[in-house]
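[1] Sequence plus predicted model, see below.
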Amino acid sequence: KNQVEQSPQSLIILEGKNCTLQCNYTVSPFSNLRWYKQDTGRGPVSLTIMTFSENTKSNGRYTATLDADTKQSSLHITASQLSDSASYICVVTLVGATNKLIFGTGTLLAVQP
Amino acid sequence: GAGVSQTPSNKVTEKGKYVELRCDPISGHTALYWYRQSLGQGPEFLIYFQGTGAADDSGLPNDRFFAVRPEGSVSTLKIQRTERGDSAVYLCASSPSAGGIDTQYFGPGTRLTVL
């Protein structure tokens, strides 16, 4: 069964601190992996996209890593800001023309002052 | 606006009623997707359109759910004989084309509540 699991389920950190979110997947065949940020009541917004041949991808204070051998990815957030409070969802794409996305359940991050 | 829009933003209906949810994709995007997101869960794929045709409807839970995209732009998700279990946020996304690594751009969703 194609699955995407994320940990932790929720996380509270202080403003200015760094954090790392984890994603493990069993999706096969695998095309690419994305990290999305979803603010409460809003649709998900893409942060990074990596193909199976890429190991790391950065977008500002967000850095995603990918190990296609162990089927693990992480999202590192540097110097967190209050606006980083959101759900972060790991999404894996199945190979094929439909570009079907398999979503994880997300990590709910709360950044406190 | 330049983004994906969805209407209504909220819909409350009674069990057994029929509802229609609308999605306006980004202009020029040929691929359109519908997802359903239950509370505390990630979105689940429902159906994907390439142009006017439904290229993959394998995520539709049963025959009460149907979606159309008659002119290859706006799409409508239709739910017949709604049940309480249909309550969720219905998200629409569009991308320039299908396949590959195109980013899917999501709308804000329609929150459906079935009483």
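    Perfect, I can see it now.
[2] can you list the residues of chain B near chain A?
    Taking Cβ under 8 Å from any Cβ of the partner chain as the test, the list of chain B residues beside chain A reads B:4, B:31, B:33, B:35, B:40-45, B:48, B:50, B:55-56, B:91, B:93, B:95, B:98-109. Every residue, glycine included, has its C-beta placed from N, CA and C.
[3] rerun that using 6 Å as the cut-off
    Residues of chain B lying close to chain A (Cβ under 6 Å from any Cβ of the partner chain) are B:41-43, B:45, B:48, B:55-56, B:91, B:98-99, B:101, B:103, B:106-109.
[4] which among those end up buried?
    B:42-43, B:45, B:48, B:56, B:91, B:98, B:106-109 (16 or more other Cβ atoms under 10 Å in any protein chain shown).
[5] of those residues, closest to B:T76?
    Using Cβ to Cβ, B:G107 is the member of these that lies nearest B:T76, at 13.4 Å.
[6] Which residue, neighbours along the chain excluded, lies closest to that closest one?
    Distances taken as Cβ to Cβ, 6 or more residues apart in numbering or on different chains put B:V4 closest to B:G107, at 3.7 Å, once the chain neighbours are dropped.
[7] wait, doesn't that neighbour sit right on B:Q104?
    No - the pair B:V4 / B:Q104 is not scored as a contact, 9.3 Å apart, by Cβ atoms under 6 Å.
[8] Which one's more surrounded, those two?
    Neighbour totals were compared for B:V4 and B:Q104, and B:Q104 leads with 26 against 22 (other Cβ atoms under 10 Å in any protein chain shown).
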